[in-house]
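Visitor: I'll drop the sequence and a predicted model, then ask my questions.
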Amino acid sequence: MKKREKATSFLAAPKPSGHYRIQSVIVTRTGWLIVTAAVLALAAVTGVHFWIVRPPPKPPSATLPLSARSLLQSFRPQQPLREDRFDLPLAANGVVEYRVAMQAGATLVFSWTASHGMVSCQFANQNPLTADGSHSAFEAQSSGWYRWRWKNPNGSAVTIHLKLNGYYEPAGMPYDR
């Protein structure tokens with residue numbers, strides 16, 4: 001009687017060390033290059049799509065309804081819009097004031113700079129600040145006078161350059177330059 005040989009499958013076959021055989025997928029160097037190129041092309045197209053900066057869409061509330069536009073066109077402030085620039089000399093260790101008349105609800109945009117050095121400034125009874133310039137916007141809470149007051153603690157003269165834009169009337173003498 002012949003001895004039966006034991007049948008072996010490919011799974012049970014001894015494998016040489018370091019070699020594994022994949023039978024269902026055949027991968028070649030050309031196949032890897034094609035797959036890698038496709039993935040990189042997809043990433044580049046996606047990246048370019050998200051990299052492009054687009055302006056935000058215009059909100060629907062940006063256009064006023066006709067009724068609101070007619071109200072804005074019929075609105076006429078009681079004071080005309082003014083724009084003034086002043087140079088106010090400020091003596092060494094001196095004080096200078098400037099005031100404007102405003103009606104309640106009127107707005108004023110202002111900025112001032114000192115020609116050199118720091119000065120102390122107070123506007124409309126707000127907290128004083130020490131700086132070489134400032135800018136802000138202001139809405140009058142009541143009709144009346146609103147003033148700036150600058151003090152020069154330095155031993156040399158300074159010029160204050162004041163720019164005003166808004167609905168106001170400049171003061172007459174003696175508070176005017």
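Guide: In hand now; what should we look at?
Visitor: please name the residues that touch A101.
Guide: For A101, the contacting residues are G144, W145, Y146, Y168, E169, P170, A171, by CB atoms under 8 Å, 6 or more residues apart in numbering. Placement of C-beta: from N, CA and C, glycine included.
Visitor: distance check, the first one against M102.
Guide: Going back to what we said before, that points to G144. 7 Å (CB to CB, to the nearest Å).
Visitor: cool, the fifth one as well?
Guide: In this structure, E169 and M102 are 8 Å apart, going by CB to CB.
Visitor: on contacts alone, who are the packing partners of the one helix or strand H161 maps to?
Guide: Following DSSP states H and E, the helix or strand that holds H161 is strand 158-167. Packing contacts for strand 158-167, counted by 3 or more CB pairs under 8 Å, 6 or more residues apart in numbering; DSSP states H and E, involve strand 81-90, strand 95-102, strand 107-114.
Visitor: quick one: which of these is nearest S156?
Guide: If you check each of the helices and strands packed on strand 158-167 against S156 by CB to CB, strand 81-90 wins as the nearest, at 10.0 Å.
Visitor: can you list the strands that that closest one pairs with?
Guide: Here strand 81-90 has these sheet partners by DSSP bridges: strand 158-167 (antiparallel).
Visitor: and the strand it pairs with, what's its mean pLDDT?
Guide: Mean per-residue pLDDT for strand 158-167: 92.
Visitor: and that strand with strand 107-114, angle?
Guide: Counting by axes from the mean of the first three to the mean of the last three CA atoms, to 10 degrees, strand 158-167 points 170 degrees away from the direction of strand 107-114.
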